[in-house]
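Participant: When you get a sec, could you give me coordinates for this:
(chains A, B and C)
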Amino acid sequence: MGLRLRPVDTSFYDLFTEQAQHLVGGASLLAEMLADGADHADVARRMREAEHNADESTHAIVRKVNTTFVTPFDREDIYSLASALDDVMDMMDEVVDMILLYEVKVLPPELSTQVEVLQRCAELTAASMPNLQSMQSLEEYWIEINRLENAGDKNHRRTIAKLFSGEFKTIEVLKLKDIVESLEEAIDAFEKVANIVEQIAVKES
Amino acid sequence: MGLRLRPVDTSFYDLFTEQAQHLVGGASLLAEMLADGADHADVARRMREAEHNADESTHAIVRKVNTTFVTPFDREDIYSLASALDDVMDMMDEVVDMILLYEVKVLPPELSTQVEVLQRCAELTAASMPNLQSMQSLEEYWIEINRLENAGDKNHRRTIAKLFSGEFKTIEVLKLKDIVESLEEAIDAFEKVANIVEQIAVKES
Amino acid sequence: MGLRLRPVDTSFYDLFTEQAQHLVGGASLLAEMLADGADHADVARRMREAEHNADESTHAIVRKVNTTFVTPFDREDIYSLASALDDVMDMMDEVVDMILLYEVKVLPPELSTQVEVLQRCAELTAASMPNLQSMQSLEEYWIEINRLENAGDKNHRRTIAKLFSGEFKTIEVLKLKDIVESLEEAIDAFEKVANIVEQIAVKES
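Facilitator: I've put the predicted structure just below:
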């Protein structure tokens, strides 16, 4: 067994990857929540746990920034990225919470399309975080996130039009509109993460 | 009677305390607004005055920062704290305004519970502002505000569930949901004040 | 023909004026959208184009800040002003979008009053941007914007009261409230532009 000369150090890249992997888990719980016959209370409980774990990862990054002398990129950029990733989780948690709390009976299929967009965004984001080290292949990531956000926006507009089509009772429109708008904010939050990654890449290149 | 060698100077601590005392007054007007048989137009008029006075206190702090050479803590922290205290007043004013404007007939008792949380937050905040000078006993303050915010959040969720229970007409749900959400934002605004106080205390210790 | 010693340079003042002129166009499209018998899809298409052109102007300013060594006032103030002007366009675009998407049948006349306020704000803003060079006559501009914002706020409150008067079906209230609130946010966004101009003028004087 060799000598360990430096303490084992979880890098910022590992921590960002960990944070983004929580988003993959969160998006997957959101998909579960929309499935027929889902146990809403149980999924919401697991989502709360997932959100709590994501918070821990965020705090680990903040602690590391405050105790590290040389950081791989600007301190404020590390804070922004950690906080933007955390915002996505909060938005997804809010959607799950609303579905439980509002006791929505029928969830239109358009919601599942938005959650598929969120799942794809989460996977792409998690796969790209390790690339912050080499600064390679990041452009493809943020271009694809922008494309997904546009697709999500089109689907959002179709969903709102459907809600107002007369098909739903007004009280259900009130509930569903809140949920649909929070789903769109979650997709926007992924785009904000991608914008911050782009800014970091431009600065460092 | 001794000589007064330096001009009388209202300290930043006095000004922050004054700002927080306006919040005690605002929370109390909010409670009056919810009381049976309240004269909504009259309470709203007095709330507008209270909000105006709170604005004056905020401007006094901003003027003092701009004309003082040595400040007790970072200029930007003074601005953030003054602005966060001002935001609470704006949120409480908005709630009073909505109750008047929406002509809500029946206000569910859950709203009073939230206003009690706001009153307790306001008292705690006003009592803690003078402690910024010694930086003593602040931790108890922000821990208690966080506890109150959690209690407020639980009550908020119960209230939303009740609004959607079928007990209210949809148009009343639309009005009450706005009011209930603004009440929660006012509680969150108190938590933001506590977070800023915590940051200042950590920096200065 | 004389020698041209320096490259022709579109100044920051010209670019801000161009950005504000897009707002005059946007407010005018908004007025068209509210007119009886308007072709909503066609106006919305032209609004999308106008919003795209306004984005180009914003990017031109950002590019110019990044490649100019000496700027006429603080870089961050140039960013804030460009971004605040861009926000107004986004808000007006959102209103047009909602009217198309929600398929609102009857638009209460109060909405036209708000759009008239927006048109007046846009004209004043466009007329004042060239004055950033001399820093003259700017005070009249921001005082008048504040007056218009107050008038808009009074009209907004009357409109909300009317929406809740029982005259409209609940589903229409839900749609119209969104639209009315976005109109008010657009007026607030003009006030934010005026506040930034005021801050710049105070700093530079």
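
Participant: okay, which residue is most central for chain A?
Facilitator: A:Val88 (3.6 Å; C-alpha atoms, centre = their mean).

Participant: hmm, stretch A:177-197 in reach of chain C?
Facilitator: Yes. Applying C-beta under 8 Å from any C-beta of the partner chain, one finds stretch A:177-197 touching chain C at A:Lys177. All C-beta atoms are positioned from the backbone trio N, CA, C, and that covers glycine.

Participant: what mean pLDDT does that stretch have?
Facilitator: Across stretch A:177-197, the average pLDDT comes to 96.

Participant: mind checking pLDDT for the residue in chain A that chain C sits nearest to?
Facilitator: Nearest residue of chain A to chain C (C-beta to the nearest C-beta) works out as A:Thr170 at 4.7 Å. The per-residue pLDDT reported for A:Thr170 equals 95.

Participant: Which residues of chain A lie near chain B?
Facilitator: A:Asp97, A:Leu101, A:Tyr102, A:Glu103, A:Thr170, A:Ile171, A:Leu174, A:Lys175.

Participant: still on that earlier bit, state the distance from the residue of chain A closest to chain C to B:Ala27.
Facilitator: From A:Thr170 over to B:Ala27 the distance is 34 Å, taken as C-beta to C-beta, to the nearest Å.

Participant: What of A:Pro108?
Facilitator: 41 Å.

Participant: So which of these two has more stuff around it?
Facilitator: Higher neighbour count among A:Pro108 and B:Ala27: B:Ala27, with 25 against 17, using other C-beta atoms under 10 Å in any protein chain shown.

Participant: Would you mind confirming that that one is in contact with B:Val95?
Facilitator: No. Using C-beta atoms under 8 Å, B:Ala27 is not in contact with B:Val95; the gap is 10.3 Å.

Participant: longest helix anywhere in chain A?
Facilitator: Counting residues, the longest helix in chain A under DSSP state H turns out to be helix A:170-204.

Participant: Show me what that helix packs onto, helices and strands only.
Facilitator: Applying 3 or more C-beta pairs under 8 Å, 6 or more residues apart in numbering or on different chains; DSSP states H and E, we find helix A:170-204 packed against helix A:75-102, helix A:110-128, helix A:138-163, helix B:170-204, helix C:170-204.

Participant: Can I get those in a markdown table including distance to B:Ile160?
Facilitator: Listed next are the helices and strands packed on helix A:170-204 as a markdown table, based on distance: least, C-beta to C-beta, whole Å:
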| stretch | distance to B:Ile160 |
| --- | --- |
| helix A:75-102 | 6 |
| helix A:110-128 | 19 |
| helix A:138-163 | 19 |
| helix B:170-204 | 7 |
| helix C:170-204 | 17 |
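
Participant: which regions of chain A lie under the pLDDT threshold?
Facilitator: Low-confidence segments of chain A (pLDDT under 70): A:1-10.

Participant: What parts of it come near chain C?
Facilitator: Contacts of chain A with chain C, taken as C-beta under 8 Å from any C-beta, map to A:Arg157, A:Ile160, A:Ala161, A:Phe164, A:Thr170, A:Val173, A:Leu174, A:Lys177.

Participant: Recalculate using a threshold of 10 Å.
Facilitator: Proximity of chain A to chain C, by C-beta under 10 Å from any C-beta of the partner chain, involves residues A:156-158, A:160-161, A:163-166, A:168-171, A:173-174, A:177.

Participant: hmm, back to that, for the residue nearest to the centre of chain A, what are its contacts?
Facilitator: The neighbours of A:Val88, taking C-beta atoms under 10 Å, 6 or more residues apart in numbering or on different chains as the test, are A:19-20, A:22-23, A:26-27, A:54, A:118, A:121-122, A:125, A:185-193.

Participant: and those residues, which are buried?
Facilitator: A:19-20, A:22-23, A:26-27, A:54, A:118, A:121-122, A:125, A:185-193 (16 or more other C-beta atoms under 10 Å in any protein chain shown).

Participant: Name all residues that make contact with the nearest residue to A:Ser83 once chain neighbours are set aside.
Facilitator: Nearest residue to A:Ser83, sequence neighbours excluded (C-beta to C-beta, 6 or more residues apart in numbering or on different chains): A:Thr58, at 7.3 Å. Contacts for A:Thr58 (C-beta under 10 Å, 6+ apart) come out as A:Leu15, A:Gln19, A:His22, A:Tyr79, A:Ala82, A:Ser83, A:Leu85, A:Asp86, A:Asp87, A:Met89.

Participant: The third one and A:Met98, how far apart?
Facilitator: As for A:His22, its distance to A:Met98 is 20 Å (criterion: C-beta to C-beta).

Participant: same question, the last one
Facilitator: Counting by C-beta to C-beta, the separation of A:Met89 from A:Met98 is 15 Å.

Participant: Please say which of these two ends up with more neighbours.
Facilitator: Counted by other C-beta under 10 Å, A:Met89 and A:Met98 do not tie: A:Met89 has more neighbours, with 28 against 20.

Participant: any idea which element the closest residue to that one other than its chain neighbours lies in?
Facilitator: Once flanking residues are discounted, A:Met89 sits nearest to A:Ala54: 4.3 Å by C-beta to C-beta, 6+ apart. Using DSSP states H and E, A:Ala54 sits in helix A:40-67.

Participant: I'd say A:Glu198 and A:Leu132 touch.
Facilitator: No. Counting by C-beta atoms under 10 Å, A:Glu198 sits too far from A:Leu132 to count as a contact (11.6 Å).

Participant: what residues are shared contacts of those two?
Facilitator: Counting by C-beta under 10 Å, 6+ apart, the residues touching both A:Glu198 and A:Leu132 are A:Leu138.

Participant: More neighbours: these two, which one.
Facilitator: The neighbour comparison of A:Glu198 against A:Leu132 (other C-beta under 10 Å) goes to A:Leu132, with 21 against 17.

Participant: secondary structure element for the closest residue to that one other than its chain neighbours?
Facilitator: Using C-beta to C-beta, 6+ apart and skipping residues adjacent in sequence, the residue nearest A:Leu132 is A:Tyr13, 5.5 Å away. Using DSSP H and E, A:Tyr13 sits within helix A:12-34.

Participant: Dump that helix to CSV, restricted to CA.
Facilitator: C-alpha atoms of helix A:12-34 as CSV (Å, rounded to 0.1, in the frame of the first residue of the first chain):
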residue,chain,number,x,y,z
PHE,A,12,-15.7,20.5,-8.0
TYR,A,13,-16.4,18.6,-11.2
ASP,A,14,-17.4,15.5,-9.2
LEU,A,15,-19.7,17.7,-7.0
PHE,A,16,-21.4,19.3,-9.9
THR,A,17,-21.9,15.9,-11.5
GLU,A,18,-23.4,14.6,-8.2
GLN,A,19,-25.7,17.7,-8.1
ALA,A,20,-26.9,17.1,-11.7
GLN,A,21,-27.4,13.4,-11.0
HIS,A,22,-29.9,14.3,-8.3
LEU,A,23,-31.8,16.1,-11.1
VAL,A,24,-32.0,12.9,-13.1
GLY,A,25,-33.5,11.2,-10.1
GLY,A,26,-35.9,14.1,-9.6
ALA,A,27,-37.1,14.1,-13.2
SER,A,28,-37.7,10.4,-12.9
LEU,A,29,-39.8,10.8,-9.8
LEU,A,30,-41.8,13.4,-11.6
ALA,A,31,-42.5,10.9,-14.4
GLU,A,32,-43.6,8.4,-11.7
MET,A,33,-46.0,11.0,-10.2
LEU,A,34,-47.7,11.3,-13.6
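
Participant: between it and helix A:170-204, how big is the angle?
Facilitator: Put simply, helix A:12-34 runs at 160 degrees to helix A:170-204, going by axes from the mean of the first three to the mean of the last three C-alpha atoms, to 10 degrees.
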